[in-house]
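**Student:** coords below, sequence missing:
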């Protein structure tokens, strides 16, 4: 497939903030974007050249979308992998491919895949019903986190458990759906690996952020991370291995736990640009969004060197957004997603600050 030159058209499945930032990056490169999204007035569509409003399983709409675009990508995981297959069958390439999306959509498949390529996740067990919970919990050390296999994110679809917990209540809390039980891990910190891979197999790594979560939602990412250079090198090797094993094209993130002895366990991976990479726009010559567009369009990857120490804070809900002016006066770079409607805990923006 030939490179998508300036003037080409990129299709993005999804209309959220990641789609918005991808669209803005594509515009800087001279590319137009078409957003495919079920909701009217999405924040991504308002900064894009065109949009198609339809459900993700609408085959006719997907075919129309494919005809409008030179290449298609996606901005979140809960799109049916079959939708990507429809677009490719219509003659338009999709990057990343459906294998990466399908793997990440099911926590059990994801963990089994990571094990198969020697990227160790926390010990886990398959849970098909409440009767499986306590026996699995005993085998996993008595403490764990029950997670729905599909569609959980930002702490949703999860329940923390110990041997005194009510398995029925936990099963009901996650929606009575197939799940995995992960052993509770005592870790020192969380980091992530941001990997870009081009169509021809070139790989570029961004620096490793240290991530702080609250209530299952990312609170901040700080660079440099308080880990050794050896830990960063091992983490980078794991990221490369994951991207190569998936024959991946684009930017992906691998989230990792750093244990007390310095060893690493995988939490999960995301086959897309990632919240823990938002700092790259203000600390690198080329941020993750433009890097992703380069990769899917067949352009050479750009530099990933970090020039400053930086902290990214998520802006969650109306109360955080209300402080945009204060952050701006303090020398930060707030990015507001312009979503319609707020709500506490909802990701409505982020802010980058050079911190030393």
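**Tutor:** Nice, thanks for sending it over. Bear in mind that the values here come from a model prediction, so they are computed numbers and not experimental data. Numbers count the residues shown, from 1 in each chain.
**Student:** ranges for the helices of this protein?
**Tutor:** Under the criterion DSSP state H, helices of the chain are mapped to 17-28, 59-68, 81-89, 98-104, 107-116, 133-139, 167-173, 229-245, 280-283, 288-297, 317-321, 324-329.
**Student:** Out of the ones you listed, which one sits most buried?
**Tutor:** Ranked by mean neighbour count, these are led by helix 288-297 with a mean of 26 (mean count of other CB atoms under 10 Å). Heads up, the C-betas are built off the backbone N, CA and C, glycines and all.
**Student:** Tell me, what's the model's pLDDT at residue 160?
**Tutor:** pLDDT, residue 160: 89.
**Student:** give me every residue that touches the closest residue to residue 210 other than its chain neighbours.
**Tutor:** Among residues not flanking residue 210 along the chain, residue 225 sits closest, at 3.6 Å (CB to CB, 6 or more residues apart in numbering). For residue 225, the contact set (CB atoms under 8 Å, 6 or more residues apart in numbering) comprises 189, 191, 207, 208, 209, 210, 232.
**Student:** Find the least confident helix or strand in the chain, judged by mean pLDDT.
**Tutor:** None of the helices or strands of the chain scores lower by mean pLDDT, DSSP states H and E than strand 158-162, at a mean of 88.
**Student:** Okay, now the sheet partners of it, with direction.
**Tutor:** strand 143-148 (antiparallel) (DSSP bridges).
**Student:** quick one on the thing from earlier: which two from the contacts of residue 225 end up farthest apart in space?
**Tutor:** 189 and 207 (15.0 Å; CB to CB).
**Student:** For these two, indicate the residue with more neighbours.
**Tutor:** Neighbours per residue (other CB atoms under 10 Å) separate residue 189 from residue 207, with residue 207 holding more: 19 against 16.
**Student:** ok, the closest residue in space to that one that isn't next to it in sequence - contacts?
**Tutor:** Sequence neighbours aside, residue 306 is the residue nearest to residue 207 in space, at 4.5 Å (criterion: CB to CB, 6+ apart). By CB under 8 Å, 6+ apart, the contact set of residue 306 is 206, 207, 223, 280, 283, 284.
**Student:** what bridges to residue 306?
**Tutor:** According to DSSP bridges, beta-bridge pairing links residue 306 with residue 284.
**Student:** Please shift the residue numbers so they start at 712 in all later answers.
**Tutor:** I'll keep to 712 as the first residue from here, and by that count the last item is residue 1017.
**Student:** returning to that earlier point: go through the helices of the chain and name the closest to residue 756.
**Tutor:** Nearest to residue 756 among the helices of the chain is helix 728-739; the distance by CB to CB comes to 8.2 Å.
**Student:** distance between that closest one and the chain's centre?
**Tutor:** Centroid separation between helix 728-739 and its chain, computed with CA atoms, centre = their mean, to the nearest Å, is 15 Å.
**Student:** do the same with stretch 1038-1054
**Tutor:** Centre to centre, stretch against its chain (CA atoms, centre = their mean), the figure for stretch 1038-1054 is 20 Å.
**Student:** Any buried residues in it, and which?
**Tutor:** Neighbour-count burial for stretch 1038-1054 flags 1038, 1043, 1044, 1045, 1046, 1048, 1050 (criterion: 16 or more other CB atoms under 10 Å).
**Student:** Then stretch 1057-1067?
**Tutor:** Neighbour-count burial for stretch 1057-1067, counted by 16+ other CB under 10 Å, picks out 1057, 1058, 1059, 1060, 1061, 1062, 1063, 1064.
**Student:** And stretch 894-901, by the same measure?
**Tutor:** 894, 895, 896, 898, 900, 901.
**Student:** now, the most widely separated pair of those?
**Tutor:** Greatest spatial distance among these (CB to CB): 894 and 900, at 18.1 Å.
**Student:** what's the domain layout of this structure?
**Tutor:** Listed by automatic domain parsing, the domain ranges of the chain are 720-805, 834-894, 898-1065.
**Student:** returning to what we had before: closest one to residue 733 out of the contacts of residue 1017, please.
**Tutor:** residue 991 (13.1 Å).
**Student:** what's near enough to touch the closest one?
**Tutor:** Contacts of residue 991 by CB under 8 Å, 6+ apart are 905, 917, 997, 998, 999, 1002, 1015, 1017.
**Student:** Now do the last one against residue 889, distance only.
**Tutor:** Taking CB to CB, to the nearest Å as the measure, residue 1017 falls 40 Å from residue 889.
**Student:** Output the below-cut-off pLDDT ranges for the stretch 862-1011 of the chain.
**Tutor:** 863-867 (pLDDT under 70).
**Student:** For residue 828, which non-adjacent residue is closest in space?
**Tutor:** Residue 828 sits nearest to residue 956 (CB to CB, 6+ apart), 4.7 Å away.
**Student:** Pull out the buried positions in stretch 963-973.
**Tutor:** 963, 964, 965, 966, 967, 968, 969.
**Student:** Could you list everything the first one pairs with in the sheet?
**Tutor:** Which is residue 963. residue 906.
**Student:** Show the contacting residues for it.
**Tutor:** Contacts for residue 963 were tallied using CB under 8 Å, 6+ apart; they are 807, 811, 905-906, 908, 950, 953-954, 957, 980-983, 985.
**Student:** Can you lay out these as CSV showing distance to residue 1031?
**Tutor:** As requested, the contacts of residue 963 are arranged in CSV below (distance: CB to CB, whole Å):
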residue, distance to residue 1031
807, 31
811, 32
905, 24
906, 29
908, 33
950, 30
953, 32
954, 33
957, 34
980, 27
981, 22
982, 28
983, 23
985, 20
